[in-house]
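A.B. asks: pasted the sequence and its predicted model underneath.
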Amino acid sequence: MATQRFLTGITTSGTPHLGNYVGAIRPAIEASRRPDTENYYFLADYHALIKCHDPAVVARSRLEIAATWLALGLDPERCVFYRQSDIPEVMELTWMLTCMTAKGLMNRAHAYKAVVQENEDAGSADPDKGITMGLFSYPVLMAADILIFKATHVPVGRDQIQHLEMTRDIAQRFNHHYGELLVLPEVVVPEEGSTLSGLDGRKMSKSYNNTIPLFETEKKLRKSVMRIVTNSLEPGEPKDTTDNSLFAIWRAFSSPEETAEAAQWFADGIGWGDMKQKLFEKLNGVLAEPRDRYNELMANPDTVEAILQAGAARARAESGPYVEKLRHAVGLVRS
Ligand code: TRP
């Protein structure tokens with residue numbers, strides 16, 4: 001069987017939080033340590049331009065996210081770690097795919113339709129208000145990211161499943177017309193229940209404003225943990241672990257034994273204040289070392305840049321010849 005190649009992108013807008021770590025970064029780093037798969041991880045900075053038009057935010061987020069992954073233990077030798085905008089072949093393929101993509105397919109994209117819906121709900125005269133071609137054709141760019149490296153498996157959140165279906169549709173149409181050149185990828189979605197809950201008990205997400213950032217200072221981390229919403233049960237009253245954020249976050253950072261121990265504290269009626277203190281100490285214990293490495297990397301952007309450049313060189317050794325083949329297939333041939 002051919003080697004499985006996993007590829008995933010991280011949009012560089014915003015600051016990574018505990019939910020990103022548990023849901024995406026940690027499993028990706030673990031996967032990169034397995035000998036039987038190839039792993040491609042990239043900073044989707046072209047995607048960032050769709051949502052964010054503040055150059056300082058885009059620039060900072062590119063560095064923050066690269067530093068986060070490295071600080072948390074991603075070994076750039078065990079995967080191909082690069083930045084989307086360092087791979088010009090992504091853009092070239094985007095155009096070839098754009099010319100093979102039915103506009104009607106893009107009309108059905110959830111991300112685009114959601115904004116149209118918001119406009120309609122707001123009674124706007126123009127349903128396309130605020131919608132750029134970047135947002136509209138976002139799934140084509142994503143397809144190019146995946147197809148340019150012949151990924152076979154693409155781990156993404158559930159909200160991205162449709163984009164993977166579109167990638168397959170687009171690739172199929174291309175292959176049907178130009179020959180079997182593109183590899184159809186499979187989507188890999190997280191197991192049910194593997195998302196982390198946030199400060200208010202809902203899924204930890206930037207859009208709910210309920211996140212705990214990964215690398216804020218120890219003091220701020222403590223403050224965030226103290227803000228986790230709890231019920232009014234008093235110390236001494238037994239507490240339920242189901243749907244409890246303190247317990248869920250504890251579990252995500254603990255061994256099964258430690259989790260069983262915490263379940264016992266709950267049954268014994270631990271006070272919320274005490275549990276928060278324990279959770280803070282646990283998180284701080286896990287994050288202190290990576291936080292130092294992160295701060296070090298943030299202070300030395302040249303180190304990060306060199307790693308990304310090396311990753312781009314490895315990636316382009318593949319994308320370069322491949323795009324040449326694709327150019328040939330579509331008729332962009334040198335005479
Ligand atoms: N759109 C993805 C997200 O928001 C990020 C992304 C961009 C991506 N290109 C990709 C993920 C290619 C997987 C493969 O989560």
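C.D. replies: In hand now; what should we look at? Numbering: from 1, shown residues only.
A.B. asks: only C-alpha atoms from now on, for both contacts and neighbour counts.
C.D. replies: Will do.
A.B. asks: how near is Lys220 to the ligand?
C.D. replies: Separation of Lys220 from the ligand (C-alpha to the nearest ligand atom, to the nearest Å): 27 Å.
A.B. asks: I'd like the average pLDDT over the helix or strand where that residue lies.
C.D. replies: In this assignment (DSSP states H and E), Lys220 forms part of helix 218-226. Per-residue pLDDT over helix 218-226 has a mean of 97.
A.B. asks: so which bits of the stretch 51-200 of the chain are right by the ligand?
C.D. replies: 142, 145-146, 154, 156 (C-alpha under 6 Å from any ligand atom).
A.B. asks: ok, back up a step: and the helix or strand that the helix holding Lys220 is followed by, C-alpha only, in CSV?
C.D. replies: With elements assigned by DSSP H and E, the helix or strand that comes after helix 218-226 is helix 245-252. Provided in CSV are the C-alpha atoms of helix 245-252 (Å, rounded to 0.1, in the frame of the first residue of the first chain):
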residue,chain,number,x,y,z
SER,A,245,-15.5,22.4,31.9
LEU,A,246,-13.1,22.1,34.8
PHE,A,247,-13.2,18.4,34.6
ALA,A,248,-13.1,18.3,30.8
ILE,A,249,-10.0,20.5,30.6
TRP,A,250,-8.4,18.5,33.4
ARG,A,251,-9.0,15.3,31.6
ALA,A,252,-7.6,16.6,28.3
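A.B. asks: and the residue of the stretch 51-200 of the chain found nearest the ligand, backbone torsions?
C.D. replies: Taking C-alpha to the nearest ligand atom, the ligand has its nearest neighbour within the stretch 51-200 of the chain at Met142, 4.3 Å off. Main-chain torsions, Met142, degrees, to the nearest 10: phi -60, psi -40.
A.B. asks: OK, contacts around it?
C.D. replies: 163, 167 (C-alpha atoms under 8 Å, 6 or more residues apart in numbering).
A.B. asks: ok, Gln277 next?
C.D. replies: Here Gln277 is in contact with 222, 226 (C-alpha under 8 Å, 6+ apart).
A.B. asks: same deal with Thr101?
C.D. replies: Thr101 neighbours (C-alpha under 8 Å, 6+ apart): 140, 170, 173.
A.B. asks: go with 10 Å
C.D. replies: Counting by C-alpha atoms under 10 Å, 6 or more residues apart in numbering, Thr101 touches 95, 137, 139-140, 166-167, 169-171, 173-174.
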